[in-house]
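Engineer: The following comprises the amino acid sequence and a computationally predicted model.
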Amino acid sequence: MVRRLFAEASGEVFTLRGLLSRADEIELGRRLTPRYRAGASLLLLAAEVGRSTQYVAKVLRLAGVTIRPAYRPVRTAHPVDLTELRRQYEAGASVSGLARRIHYCRESTRKFLLLAGAELRSNPPVESAAPRVASAG
């Protein structure tokens with residue numbers, strides 16, 4: 001639907017890149033505004049229009065829309081009890097297992113453990129799967 005609206009926005013596309021006149025870009029921005037304000041992401045709108053997220057942000061700005069900041073997970077979404085995290089780790093839980101439990105990636109979980117004062121274990125070297133051959137001697 002949005003691709004059709006994009007095509008209707010200008011009867012005259014004057015370059016191979018499909019650049020629209022400024023008035024047509026403003027009109028496209030106006031047509032995309034309700035969906036963006038309803039929560040559609042720049043990435044979703046860009047995919048539907050067939051343009052980059054930067055271009056979609058540009059036409060939305062031309063239509064007077066304030067662009068939302070990029071999504072960043074909020075730490076309070078899954079509060080982490082650092083004392084309990086450290087206790088479980090020191091009791092033998094793996095970083096990967098803890099990461100699954102607290103809904104964070106392994107790297108963030110490692111950072112939480114360091115913040116909690118845990119001393120991280122090093123991974124033992126993996127032994128070669130090939131059998132050792134005794135030398136004849």
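Structural biologist: Done, it's in. Being a predicted model, the structure only gives us computed values, none of them experimental.

Engineer: can you count the residues close to residue 30?
Structural biologist: 16 (other C-beta atoms under 10 Å). C-beta here means a position set from N, CA and C on the backbone, and glycine is covered the same way.

Engineer: tell me which residues of the helix ranked longest in the chain are tucked away?
Structural biologist: The longest helix of the chain (DSSP state H) is helix 22-37. Residues 24, 25, 26, 27, 28, 29, 30, 31, 32, 36 are the ones in helix 22-37 that count as buried (16 or more other C-beta atoms under 10 Å).

Engineer: again, but for stretch 58-68
Structural biologist: Buried-residue list, stretch 58-68, by 16+ other C-beta under 10 Å: 58, 59, 60, 62, 63, 65.

Engineer: Check stretch 40-55 too.
Structural biologist: Within stretch 40-55, the residues that count as buried by 16+ other C-beta under 10 Å are 42, 45, 46, 48, 49, 51, 53, 55.
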